[in-house]
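Enquirer: need a structure here:
(chains A, B, C and D)
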Number of protein chains: 2
Amino acid sequence: MAALKAVAPDGTFTTGPDTVERLLTPGEVARIFGVDPKTVNRWALTGRIPSVRTPSGQRRYRQSDIGALLNG
Amino acid sequence: MAALKAVAPDGTFTTGPDTVERLLTPGEVARIFGVDPKTVNRWALTGRIPSVRTPSGQRRYRQSDIGALLNG
DNA sequence: TGAGAGTAGGGTAATTGGGGCT
DNA sequence: TGTGTCCCAATTACCCTACTCT
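Expert: Predicted coordinates for the structure are as follows:
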C-alpha cells in the first residue's frame, strides 16, 4: 500500500502520483447498492469487499473499491 | 466508466457532472410493473433491462432505466 | 454534559437466484 | 414465447441493545 501524501478539506487523500482516495461509511455504501448497512458489513466479513477499520472498530470502504464493483 | 463521486441521504449518488442514480430491488421493480419478481429477473437475463450485480450476485436496477421504460 | 445519528453485534423472518414445470 | 408457480439454498431485511461519533 502506498504512503499517505496529502489530505484535502473534503476528506479525499492521495497515496500516489495519480491516486485519489476517499473512505465511505457503511451507510453510504448501503444506499448506493440499495441494501441494508448490515449487508455491507457482511460483505466485508466474508471477504467480498476490502474494508478499513477505525481504531474503535468501525468499518470504512474505499471509494475506488465500491466504484469498481458498480462497473463490474 | 464513470467514477463514483458523491452519495446523498436519499440513496441517490452521482457518477458524473449531471448523472444521478439510485438502485431498486427486484421486488420494487416488480410492484411498479405489476408482475412477479421472477419476470423482472427474466427481463434482465434477456437483456431487456440493464442490471447491476451486488457482490453476492443479486440484481439491482437503475431507477433511471426503469423510468425510461415507463415513459417509453 | 447531553442529544441525535450512525454503527457493530446477534437473532429471526422475508426476499432472491436458479432450475424445472405449467 | 412469455409468465406464474413450486422447490431449495443462499442472501438480505428488520427486530433489538450497546457503543461510537458529531
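Enquirer: Near DNA strand D, which residues of chain A are found?
Expert: Residues of chain A lying near DNA strand D by C-beta under 7 Å from any atom of the strand: A:34-36, A:38-39, A:42-43, A:54-58. Placement of C-beta: from N, CA and C, glycine included.
Enquirer: who does A:Leu24 bridge with?
Expert: A:Tyr61 (DSSP bridges).
Enquirer: show me where chain A has strands.
Expert: Using DSSP state E, the strands of chain A run over residues A:6-7, A:13-16, A:19-21, A:23-24, A:52-53, A:59-62.
Enquirer: Quick one, grab the pLDDT at the residue in chain A sticking out farthest from the centre.
Expert: Largest separation from the mean C-alpha position in chain A: A:Pro17, at 19.6 Å (C-alpha atoms, centre = their mean). We have a pLDDT of 80 for A:Pro17.
Enquirer: circling back to that earlier point, B:Ile66: which of the strands of chain A is closest?
Expert: Distance to B:Ile66, taken as C-beta to C-beta, is lowest for strand A:23-24 among the strands of chain A, at 24.7 Å.
Enquirer: Tell me the helices and strands packed up against the closest one.
Expert: Applying 3 or more C-beta pairs under 8 Å, 6 or more residues apart in numbering or on different chains; DSSP states H and E, one finds that strand A:23-24 contacts strand A:59-62, helix A:63-70.
Enquirer: Report the rounded mean pLDDT for it.
Expert: 93.
Enquirer: quick one: that strand near DNA strand C?
Expert: No. Using C-beta under 7 Å from any atom of the strand, strand A:23-24 never reaches DNA strand C; the gap is at least 8.1 Å.
Enquirer: Dihedrals phi and psi, the residue farthest from the centre of chain A?
Expert: phi -60, psi -50 (degrees, to the nearest 10).
Enquirer: what residues does chain A put near chain B?
Expert: A:24, A:28, A:31-35, A:43, A:48-49, A:63, A:66-67, A:69-72 (C-beta under 8 Å from any C-beta of the partner chain).
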